[in-house]
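>>> sequence-free structure coming up:
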């Protein structure tokens with residue numbers, strides 16, 4: 001199963017092209033649709049946009065997937081407007097005259113490398129594997145990536161109903177920005193087979 005490993009490249013200028021990127025502001029292909037949290041009613045934090053390349057996802061009507069997550073208590077008014085800005089990825093930095101570290105928006109282009117993942121093996125089939133078998137399988141699926149097969153920290157947790165493909169896997173311990181997936185957590189974004197629906201979840205140790 002094809003995948004693309006993700007390497008992060010800090011961008012000094014806003015990325016305004018419809019390409020895969022992390023942080024900054026979304027580059028909308030259609031009417032802006034900034035989601036709000038079902039829990040808080042506030043704008044969710046923009047994590048990334050992923051170009052739906054045919055070599056990874058097949059021929060889809062949709063061309064871009066946008067990933068957001070409820071995170072923190074920041075509120076930015078008017079994020080549904082075309083030129084508005086909402087909460088995004090950040091790093092904590094020291095600012096002059098500030099006693100505490102403050103968040104600073106952060107944006108990354110990506111470098112990707114095409115490779116192959118083994119086919120996903122459900123946990124009930126892995127139950128009788130030796131430690132060596134599991135270690136080899138886990139190592140092959142490891143890393144930040146677009147598409148491929150997920151490696152779950154806990155139980156298998158595909159969305160439902162219907163068939164779903166892994167859109168992105170993101171290890172919070174191996175990214176150059178602040179993101180909360182719990183203790184050593186991994187985030188998993190999925191896209192429905194028809195490309196019309198996406199879902200995001202995370203697991204932690």
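Perfect, I can see it now. On a predicted model such as this, the values are computed, not experimentally measured, just so you know.

>>> Give me the average confidence score over stretch 176-188.
For stretch 176-188, the mean pLDDT works out to 92.

>>> who's in contact with that stretch?
Stretch 176-188 is contacted from outside by 8, 10, 22-23, 47, 69, 71, 89-92, 103, 106, 108, 150-153, 157, 166, 168-173, 200-205, using CB atoms under 8 Å, 6 or more residues apart in numbering. Placement of C-beta: from N, CA and C, glycine included.

>>> can we see that at 7 Å?
Contact with stretch 176-188 is made by 8, 23, 71, 89-92, 106, 150, 153, 166, 169-173, 200-205, as judged by CB atoms under 7 Å, 6 or more residues apart in numbering.

>>> Please name the residues that touch residue 50.
By CB under 7 Å, 6+ apart, residue 50 lies in contact with 20, 65, 67, 146, 167, 168.

>>> Of those, which belong to strands?
65, 67, 146, 167, 168 (DSSP state E).

>>> The last one: neighbour count?
Read it as residue 168. Residue 168: 26 surrounding residues under other CB atoms under 10 Å.

>>> Surely it is in contact with residue 190?
No: with contact defined as CB atoms under 7 Å, residue 168 does not reach residue 190; the gap is 8.7 Å.

>>> In the protein, where is pLDDT below threshold?
Within the chain, the stretches with pLDDT under 70 are 72-85.

>>> Strands along that one, start to end?
Secondary structure of the chain (DSSP E): strands at 2-10, 21-23, 45-51, 64-69, 90-93, 102-105, 107-116, 145-147, 164-171, 186-192, 198-203.

>>> Identify, out of the ones you listed, the most deeply packed stretch.
For these, the largest average neighbour count (mean count of other CB atoms under 10 Å) is found in strand 21-23, namely a mean of 26.

>>> partner strands of that strand, parallel or antiparallel?
Partners of strand 21-23 in the sheet, by DSSP bridges, are strand 45-51 (antiparallel), strand 107-116 (antiparallel).

>>> mind giving me CSV with the ones in strands among the contacts of residue 50 and columns for distance to residue 129?
Converted to CSV, the ones in strands among the contacts of residue 50 look like this (distance: CB to CB, whole Å):
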residue, distance to residue 129
65, 32
67, 31
146, 27
167, 27
168, 26
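
>>> Could you find which two of these are furthest from each other?
For the ones in strands among the contacts of residue 50, the farthest-apart pair by CB to CB is 67 and 146; their separation is 11.1 Å.

>>> what's the overlap in contacts for the two?
Counting by CB under 7 Å, 6+ apart, the residues touching both residue 67 and residue 146 are 50, 168.

>>> Around the spatially closest residue to residue 122 that is not a sequence neighbour, how many other residues sit close by?
Once flanking residues are discounted, residue 122 sits nearest to residue 156: 6.0 Å by CB to CB, 6 or more residues apart in numbering. Counted with other CB under 10 Å, residues neighbouring residue 156 total 12.

>>> hang on, residue 156 packs against residue 121?
No: with contacts counted by CB under 7 Å, residue 156 stays clear of residue 121, the gap being 9.7 Å.
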